[in-house]
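[1] Below is the sequence, then the predicted model.
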Amino acid sequence: MISGSLPALVTPFSNGKVDIAALKKLVDWHIDQGSYGLVPVGTTGESPTLTHEEHDGVVATVIAQAAGRIPIIAGAGSNNTAETVRLVKAAKKAGATAALVVTPYYNKPTQAGLVTHFLAAADCGLDIIIYNIPGRSVVDMTAETMGELAEHRHIIGVKDATGDLARVPQQRLSCGKDFIQLSGEDATALGFNAHGGVGCISVTANMAPALCSQMQKATLEGDYSGALSITDQLMPLHLATFLEPGLVSAKYGLSKLGLCSEEVRLPLVGLSKRPIMFSNVDFPEPELPTIRTNSPRLILNETSSNAFTSASPSPNIRDTFCSSKTISDISHRLHWL
């Protein structure tokens, strides 16, 4: 079953083109760090600014590189039903585990329109995860509509980004207890699972895959005390990540880990560079040698003796990003676990 920590994978760029080498490296790193699966070419994967060829190429590359080691849920959303069907068919041909299909944005279809749209996608024969994100699509799929769609054998779950934890038990009633419910909001992922969810399609997990996986594992094993302790460590990073578009922050963080560039496509731009302020967060001393880093883009809170980054961050070491709240940037503290 699809569950656990599922990073909403960024699409790395280099000089305006998809960086295939970096993409492959990210896939291997996430698997090494314990991610349960990957979700390429969603919102965080900058799907709106990818060409059709790039979109299909990213999906195929991620699936080939994962080589069956973890599930791959391919983004296949559009506000055009015909285009959605094309994307789902392409994901199926590439060997995706499932497709993530967003509620059509901008068009503002009725609930009946949503049903018709998702049935067309499901009839392609690939398992579908509904992506309900009314804050972006300006249409909200009701629990009743979702229950109707759940009767189709290929509509198996939802990524719920409503931020309303009451939706989880409501959708258990309408869709059944076996319907896969995945959080689309990092900050409430623990509570989401406590209400009946089984995982999170996460932006933060791009930067802290090990901790996010450990938190999800704890909830799935019923260890909510342990999950809360990990959430306490992750929350400063959750908060900082979404001060500006999450994918921009994620790419900045990954650039500090040496895993990809922070390049994004217009109309998105890089993180703002205005003065920043930090609150203090204490973490255990790192076990491996570290050096204090003085980057022109990185101002650390010197009141903590733990404001360190690794001299040479390695994708093969279980790294954890921690961050304090900022006005327009993210401060990273890289710790060896």
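    Received, thanks. Residues are numbered from 1 along each chain as shown.

[2] Pull the contacting residues for Thr43.
    Ala8, Gly75, Ile133, Arg136, Leu247 (CB atoms under 8 Å, 6 or more residues apart in numbering). Every residue, glycine included, has its C-beta placed from N, CA and C.

[3] Out of those, which end up buried?
    For the contacts of Thr43, a burial check counting by 16 or more other CB atoms under 10 Å picks out Ala8, Gly75, Ile133, Leu247.

[4] I'd like the distance between the nearest residue to Val203 once chain neighbours are set aside and Ile230.
    With CB to CB, 6 or more residues apart in numbering as the measure, Gly246 is the residue that lies nearest to Val203, at 4.0 Å, once sequence neighbours are left out. Between Gly246 and Ile230 the computed distance is 19 Å (CB to CB, to the nearest Å).

[5] and if you look at Pro169?
    24 Å.

[6] Same check on Ser213?
    10 Å.

[7] go on, Ala94?
    Where Ile230 is concerned, Ala94 sits at a distance of 33 Å (CB to CB).

[8] quick one, which of the two is more surrounded?
    Each of Ala94 and Ile230 has its neighbours counted (other CB atoms under 10 Å); Ile230 has more, 22 against 18.

[9] Which positions in the helix or strand in which Val115 is found come out as buried?
    Under the criterion of DSSP states H and E, Val115 resides in helix 111-122. Neighbour-count burial for helix 111-122, counted by 16+ other CB under 10 Å, picks out Leu114, Val115, His117, Phe118, Leu119, Ala121, Ala122.

[10] what are the pairing partners of the following helix or strand past it, and which direction each?
    Next along the chain after helix 111-122, taking DSSP H and E as the criterion, comes strand 128-132. Applying DSSP bridges, strand 128-132 is found paired with strand 98-102 (parallel), strand 155-160 (parallel).

[11] If it's not too much trouble, I'd like those strands exported to TSV so that mean neighbour count sit alongside each entry.
    Shown next, in TSV, are the strands paired with strand 128-132 (neighbours: other CB atoms under 10 Å):
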stretch	mean neighbour count
strand 98-102	27
strand 155-160	25
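
[12] Of all those strands, which one is nearest Gly176?
    Proximity to Gly176, assessed across those by CB to CB, is greatest for strand 155-160 (10.6 Å).

[13] Would you mind putting the CA coordinates of that closest one into CSV?
    Output of strand 155-160 as CSV, limited to C-alpha atoms (Å, rounded to 0.1, in the frame of the first residue of the first chain):
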residue,chain,number,x,y,z
ILE,A,155,-9.5,5.5,-7.6
ILE,A,156,-7.7,4.4,-4.5
GLY,A,157,-6.9,7.4,-2.4
VAL,A,158,-6.6,11.2,-1.9
LYS,A,159,-3.9,13.7,-1.2
ASP,A,160,-5.8,16.0,1.0
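
[14] Kindly provide the whole-number mean pLDDT of that strand.
    Strand 155-160 shows a mean pLDDT of 98.

[15] What helices and strands are in contact with the next helix or strand after it?
    Per DSSP H and E, the first helix or strand lying C-terminal to strand 155-160 is helix 167-175. Secondary-structure packing of helix 167-175 (3 or more CB pairs under 8 Å, 6 or more residues apart in numbering; DSSP states H and E): helix 143-149, strand 155-160, strand 180-183.

[16] Output those as TSV; include the columns distance to Phe242.
    Output for the helices and strands packed on helix 167-175, formatted as TSV (distance: least, CB to CB, whole Å):
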stretch	distance to Phe242
helix 143-149	25
strand 155-160	16
strand 180-183	14
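
[17] Nearest to Phe13, out of these?
    strand 155-160 (24.3 Å).

[18] could you give the angle of that closest one to helix 167-175?
    Using axes from the mean of the first three to the mean of the last three CA atoms, to 10 degrees, the inter-axis angle of strand 155-160 relative to helix 167-175 is 160 degrees.

[19] Distance from strand 155-160 to the middle of the chain?
    Its chain's average C-alpha position is 15 Å from that of strand 155-160, according to CA atoms, centre = their mean, to the nearest Å.

[20] cool, and stretch 87-105?
    Distance, centroid of stretch 87-105 to centroid of chain: 16 Å (CA atoms, centre = their mean).

[21] That stretch spans what distance, first to last residue?
    16 Å (CA to CA, to the nearest Å).

[22] State the mean pLDDT of that stretch.
    98.

[23] ok, Leu87 - contacts?
    Leu87 neighbours (CB under 8 Å, 6+ apart): His55, Ala74, Gly75, Ala76, Gly77, Ser78, Ala99.

[24] which secondary structure elements does the helix or strand containing the first one contact?
    Translated: His55. In the assignment (DSSP H and E), His55 maps to helix 52-66. Here helix 52-66 touches strand 17-18, helix 20-33, strand 73-75, helix 81-94, going by 3+ CB pairs under 8 Å, 6+ apart.

[25] can you redo the ones you listed as JSON lines with distance to Val62?
    Below are the helices and strands packed on helix 52-66 laid out as JSON lines (distance: least, CB to CB, whole Å):
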{"stretch": "strand 17-18", "distance to Val62": "11"}
{"stretch": "helix 20-33", "distance to Val62": "6"}
{"stretch": "strand 73-75", "distance to Val62": "8"}
{"stretch": "helix 81-94", "distance to Val62": "9"}
